[in-house]
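Asks: what's the 3D shape of this:
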Amino acid sequence: MTAKKNTKKHSVVGVIATSFHSDFSRMVVSNICDVFKDDDVEIHLYLGVDPGRYLSDTGNDNSGLDIHYYSIFGYSSFDDLDLLIISGEAIYTEHMAPKLDDIMKKLPDVPTIVFSSNEYEKAIHINVDNYNGLKGIISHLVFARGLKRIAFVSGKEYIPDSAQRLKAYKDCVKEFGLDDDPNLIVYGNFTSKCDDDIRPLLSLDPLPEAIVCSNDEMAVSAYRVISEKGLKVGKDIAVTGFDDIQVAKAMHPPLTTVRQKFEDIAYTVAHVASKMVHGEPVEDQVLTATPIIRASCGSEYISHGEVDKDDENPDEVQSYLLSEYRDHKASHLKEMSASMLLRSLLIQPVSIESFFNILKDELKKIGITTSMVTLLETPKKVYRDEMMYVPEKQSLVFLMNEEELYISDIKNAPVLYADHDREKKDARSRNIHRFSGVFCTYLLFYGDIQYGTWSVKVDLQDVLFCYLLSLDLGSALRYMYLALDQQEAHRKLELQNQILDFSASHDEMTGLYNRAGLLKYCYEYMADNPDAEEFIAVMADLDHLKQINDTFGHEGGDYAIYSAGNILNTSLPKGAAIGRTGGDEFMGIFVPDKEINEITFPETVRVACETLNTTNDKPFYVELSVGCSRFNRENIEEGLTEIFKESDRFLYSAKKKRRASVLKEKR
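Replies: Predicted coordinates:
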């Protein structure tokens, strides 16, 4: 396969791998970084994390949900990648493999390298010789040790590496004439927590002479199970592994295994990737897997000459263990920093803007300067055993880098699309990209709720630390959303209370105060005008309301009432107290001045009524009789009812002057 010539000076390489708990993942990524260190290349890491694998002792049941933590792989489609590198151990898990075809469709359609697998037709494959590597270790057990009853701990058959190693074992049974007992084959999960899967082998009669494990981590379980029975590895039962992970040589006794030269695989992957980015021709690669003989297969009891001398350096083992201890201490200190981040995000006022401003400040304190948060339109609840969820779009709500800081709420944020439509990709003009270096994208989850992703520029030694930060950020987002929901619920409740208060204090038809609301507001109005010594009390009646209702129905009457209320309200100074206190009755008070007072106000109302009656098409008049009286602030002690009695006398006089009939003359 020849990669398409990359004409862009700046290149983006994506890497899908397992968590950095894996030595192999760290080594591959490290080599890729070394190869591209002098090029203008972004390296994007999408690391799957299986909580069940690392948190199985906590009592949390994540079964069925784990696949959703691998949906991070699908988020690679949001990035404008030139090349995608996929680790087979990342995609061939018990959660991923059964749905692999659907999962691969969610990945970007770009030149691809797959290592530790040869199942993806479109890709360049880099693999080790699993078959001959395992056959070599069994050949040693048979011909150097003379063993015939050999058990096999296989990984799941849907994992290509596991299937190839299982085939090698079965072929050796036939070719070498070994015990062909189906009970000698058990299936583990490629982790060091498969003791229950291996225990049946220790119940067989006769016992196996050797247990061949499909990888080193399952050999760790085999050591424990054999020790439980009071037996010794290498003396009573031989044990072998596959991979030669770092801990293999530190086990007691040191583990016989098949060495995948991880550094060679990582180097090959990196250099093939470099060639593909530069458009050079590349081909599939199959690398040698070499048996490494150590004491776990009993070799120390036969001949020290067969033991790999390179592994006999105790200083190297001690150095490895010390480095693990130092890494643990450093990780613990950084965990404390992560907890401080969560605390800061939880104790501050809640709004999206304040939340991300705090996040920016806290990230800078721990040396993170380039970072991006994208959120789903609404948080997504995921369910057990359903297909992993990868959205079609996200909103870019937070961006910080050396050049800018950008914060937005979801409603106004740029939209990022999970496709390769260049026009849609324009929304990504505000992002962290176009910078060389390593970026890691983490899912933001809390329990079964997915919120979005956090992308951050990292040093490789901080990848796991940033994973811890992402867990805290997911928790903080959970509380932020809860707080925002609470704020919205409080806002709605306040609005409902305002509506209820309005209904209790206002007239539904006119929107003016009702009697109870008016009396209360009159006192407030007077208090709001402390410099006013005198006020005008107004009483007004809508003329001939009964005649309008009787002749034109309640529709006509409602029109007249509404119009009368509007005329009074607009004729008064702004903020004056006015209300409908009965069927056709209105009352109010206002502060007088030269333009509006007890003399001018009735005339203002009369003119407004005349204007309405000449411009509408109603067959009846809308007119008001108005009475006004002036009172001093001190008179309020008598009560508003007494004050309005004086205005009522003026109203009575005005009503004597109203027209006899409400009907307009026909023209």
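
Asks: which regions of the stretch 1-150 of the chain sit below the pLDDT cut-off?
Replies: Within the stretch 1-150 of the chain, the stretches with pLDDT under 70 are 1-9, 21-24, 49-68, 92-103, 116-120.

Asks: would you list every one of the strands in it?
Replies: Here the stretch 1-150 of the chain has its strands, by DSSP state E, counting those that start in this stretch, at 11-18, 41-48, 83-87, 112-115, 124-128, 150-154.

Asks: ranges for the helices of the stretch 151-300 of the chain?
Replies: For the stretch 151-300 of the chain, the helices defined by DSSP state H, counting those that start in this stretch cover 160-176, 195-198, 216-228, 262-277.

Asks: angle of the longest one against strand 150-154?
Replies: In this case it means helix 160-176. 160 degrees (axes from the mean of the first three to the mean of the last three Cα atoms, to 10 degrees).

Asks: And for the last one?
Replies: Per the same axes, to 10 degrees, the angle that helix 262-277 makes with strand 150-154 is 40 degrees.

Asks: And helix 262-277, what's buried?
Replies: Buried residues in helix 262-277, counting neighbours by 16 or more other Cβ atoms under 10 Å, are found at 262, 264-270, 272-277. Every C-beta, even on glycine, is put in place using the N, C-alpha and C of the backbone.

Asks: Could you identify the most distant pair in those?
Replies: Phe262 and Val277 (22.3 Å; Cβ to Cβ).

Asks: Nearest to Lys122, out of the helices of the stretch 151-300 of the chain?
Replies: helix 262-277 (12.8 Å).

Asks: pLDDT (mean, whole number) over the closest one?
Replies: Averaged over helix 262-277, pLDDT sits at 86.

Asks: now swap in stretch 632-650 and tell me
Replies: On average, stretch 632-650 scores 86.

Asks: do the same with stretch 603-621
Replies: The model assigns stretch 603-621 a mean pLDDT of 95.

Asks: Quick one: residues in contact with that stretch.
Replies: Residues outside stretch 603-621 that contact it (Cβ atoms under 8 Å, 6 or more residues apart in numbering) are 540, 543-544, 547-548, 551-552, 556, 559-560, 563, 567-568, 570-571, 596, 622-624, 626, 659, 662-664.

Asks: Okay, buried residues for that stretch please.
Replies: 604-606, 608-609, 612, 618, 620-621.

Asks: Then stretch 459-472?
Replies: 462-472.

Asks: Give me the distance from the longest helix along the chain to the chain's centre.
Replies: Using DSSP state H, we find that the single longest helix of the chain is helix 463-505. Distance of helix 463-505 from the chain centroid (Cα atoms, centre = their mean, to the nearest Å) equals 16 Å.

Asks: got the angle for that helix vs strand 41-48?
Replies: Using the same axes, to 10 degrees: helix 463-505 against strand 41-48 is 70 degrees.

Asks: Report all helices and strands that helix 463-505 contacts.
Replies: strand 41-48, helix 314-347, helix 352-365, strand 371-381, strand 437-446, strand 449-457, helix 515-528 (3 or more Cβ pairs under 8 Å, 6 or more residues apart in numbering; DSSP states H and E).

Asks: who touches the fifth one?
Replies: By Cβ under 8 Å, 6+ apart, the list of residues contacting strand 437-446 from outside reads 29, 33, 42-47, 68-69, 71-72, 75-76, 79, 370, 373, 375, 432, 450-460, 463, 466-467, 470-471, 473-475, 477-478.

Asks: try it again with 7 Å
Replies: 33, 42-47, 69, 71-72, 75, 432, 450-458, 460, 463, 466-467, 470, 473-475, 477-478 (Cβ atoms under 7 Å, 6 or more residues apart in numbering).

Asks: what about the residue lying closest to Arg26 once chain neighbours are set aside, how many residues close to it?
Replies: Counting by Cβ to Cβ, 6 or more residues apart in numbering, the nearest residue to Arg26 once its immediate chain neighbours are dropped is Phe20, at 5.3 Å. Using other Cβ atoms under 10 Å, Phe20 has 21 neighbouring residues.

Asks: Compute the distance between Phe20 and Val463, please.
Replies: Per Cβ to Cβ, to the nearest Å, Phe20 is found 5 Å from Val463.
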